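Participant: Starting from these lines, generate the structure:
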Amino acid sequence: MAENPITVTTLPDNTCYPPTVQALINLVAEYSRVEIAGSAAEYRISDEALPADALSELWFNITDQGLPTAVRLYLNGEWKEFAQLNQGDMVLVATTSLIVSPWGEAGFTYAFGDTGLPTYAPPVSPTPPDGLKYKRYVGFWTSKS
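Facilitator: Residues are numbered from 1 along each chain as shown. Reported below is the predicted structural model:
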């Protein structure tokens with residue numbers, strides 16, 4: 001397993017301990033870098049779309065409430081999302097369950113904001129057992145139609 005050291009720059013004098021977890025994450029993000037394969041890579045923790053000039057950054061995407069949604073890296077001309085699931089993997093849930101990002105369902109097309117990723121329309125699922133429905137892993141999507 002590869003080791004990727006995190007390098008922390010010098011914090012300004014009189015830096016206080018942040019009052020919230022998100023403020024702590026922001027502080028860490030601002031003053032550290034991750035070395036991957038011998039080259040420095042910055043990372044960003046943000047609920048905003050990644051700027052076009054930030055393609056060398058590791059992007060920790062969060063909601064506006066600070067909840068993590070996706071980790072992405074721009075590689076070979078496209079954004080890659082780190083996930084233990086593959087797009088299209090499905091699980092059974094109760095029919096009353098809400099299906100929210102990063103999950104989706106057949107009959108909708110999902111878009112991924114400013115990432116440049118192509119839209120994705122999950123295939124039709126098999127007929128589920130009574131009281132259950134399928135949800136499919138889509139990846140962190142920003143809209144569905």
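
Participant: could you say which helix or strand contains the residue nearest to the spatial centre of the chain?
Facilitator: Residue closest to the average C-alpha location in the chain (Cα atoms, centre = their mean): residue 70, at 1.1 Å. Assigned by DSSP states H and E, residue 70 belongs to strand 68-75.

Participant: Run through who's touching that strand.
Facilitator: 50, 55-63, 79-83, 101-102, 115, 139-140 (Cβ atoms under 8 Å, 6 or more residues apart in numbering). In this view, the C-beta of every residue, glycine as well, is placed from N, C-alpha and C.

Participant: Which among those residues count as buried?
Facilitator: Among those, those classed as buried by 16 or more other Cβ atoms under 10 Å are 50, 57-62, 79, 81, 101-102, 115, 139-140.

Participant: Give me the domain ranges for the protein.
Facilitator: 6-81, 90-144 (automatic domain parsing).

Participant: which one of those domains has the most crowded surroundings?
Facilitator: domain 90-144 (a mean of 15; mean count of other Cβ atoms under 10 Å).

Participant: where's the nearest residue to residue 144 once chain neighbours are set aside, which helix or strand?
Facilitator: Nearest residue to residue 144 in three dimensions, chain neighbours excluded: residue 108, at 4.5 Å (Cβ to Cβ, 6 or more residues apart in numbering). Following DSSP H and E, there is no helix or strand that holds residue 108.

Participant: can you give me the helices for the chain?
Facilitator: Per DSSP state H, the chain carries helices over the ranges 21-30.

Participant: show me where pLDDT drops low in it?
Facilitator: Low-confidence segments of the chain (pLDDT under 70): 1-5, 34-43, 50-54, 56, 66-68, 83-84.

Participant: just the strands in it please.
Facilitator: 6-8, 32-36, 39-41, 43-46, 58-62, 68-75, 78-81, 90-94, 103-104, 110-111, 132-137, 143-144 (DSSP state E).

Participant: Check the gap between residue 26 and residue 102 for me.
Facilitator: Distance of residue 26 to residue 102, computed by Cβ to Cβ, to the nearest Å: 23 Å.

Participant: No further questions, thank you.
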